[in-house]
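Colleague: here is the input, now give the coordinates:
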Amino acid sequence: MKVKAHDNALMNLYQTKKGILLTSSCDTTIKMWEVKEEDLNFIGVLKGHTKWVMKAIEISDEVLASCSEDKTVKIWDINTKECIKTIEGFKGNCNNVHKMKNLKTLVVFSGDKVCTFFDIANEYKQLSKIDNVYCYLHNSLLEIDNDRLIIGGYNDITIIDCKQFSVITKLQDEYLSYVASIIKVNNNDIIFGCYT
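Modeller: Next comes the predicted model:
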């Protein structure tokens, strides 16, 4: 199966719990697809960002969030396909967005090395910030137990506590250059993929 989904580069793929595939693109849009056995059926497009869309994720059954190089995070109604809120005030490109599994917290990573926390249950009110945490690629983030995130940066790995809004530890090593991917294997081991 081959589908021309966008007019520019594809930045991220994400599948919701209901099976809708979200494709985020440099053409500034997010497209929604119904996944069939041998095909993708186009079911809608989300328009509103003005620069590359880095990632789109599910917040709930009816709400999505997306982050963009236009320095905004947008919240979308999945049924109407309309933007219901725009979160602004970031000083750098919004590179990555993540919803914590056990918390009503949305975490946004911007290009100025700031990690910002928002309260989903309270109209996305800003809760806190952590400086000097960099995360560019969507695979450079892994949620682990006890509401913690492992973040891969250019030359370091940061572990943050998303309940306390604090850095637990920051690791630096000669081999930690451009951490592109972090995965958990065998239930306990964590593997970091680096460019070098």
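Colleague: for the most far-flung residue of the chain relative to its centre, helix, strand, or coil?
Modeller: Centroid-distance maximum for the chain: Glu38 at 27.6 Å, with Cα atoms, centre = their mean. Counting by DSSP: H, G, I helix; E, B strand; the rest coil, the backbone at Glu38 sits in coil.
Colleague: pLDDT value on it, please?
Modeller: The score at Glu38 is 76. That number is its pLDDT.
Colleague: contacting residues for Thr86?
Modeller: Thr86 sits next to Gly48, Thr72, Val73, Lys74, Ile75 when contact means Cβ atoms under 8 Å, 6 or more residues apart in numbering. In this view, the C-beta of every residue, glycine as well, is placed from N, C-alpha and C.
Colleague: now these in TSV, with pLDDT and distance to Glu58?
Modeller: Formatted as TSV, the contacts of Thr86 follow (pLDDT from 0 to 100; distance: Cβ to Cβ, whole Å):
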residue	pLDDT	distance to Glu58
Gly48	97	17
Thr72	98	18
Val73	98	14
Lys74	98	14
Ile75	98	11
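Colleague: drop anything exposed from these.
Modeller: For the contacts of Thr86, a burial check counting by 16 or more other Cβ atoms under 10 Å picks out Gly48, Thr72, Val73, Lys74, Ile75.
Colleague: so which of those residues comes closest to Asn132?
Modeller: The closest of the buried ones among the contacts of Thr86 to Asn132 turns out to be Val73 (Cβ to Cβ; 20.4 Å).
Colleague: what about the helix or strand where Leu22 lies, distance to the chain center?
Modeller: Assigned by DSSP states H and E, Leu22 belongs to strand 20-25. Offset of strand 20-25 from its chain centre (Cα atoms, centre = their mean, to the nearest Å): 12 Å.
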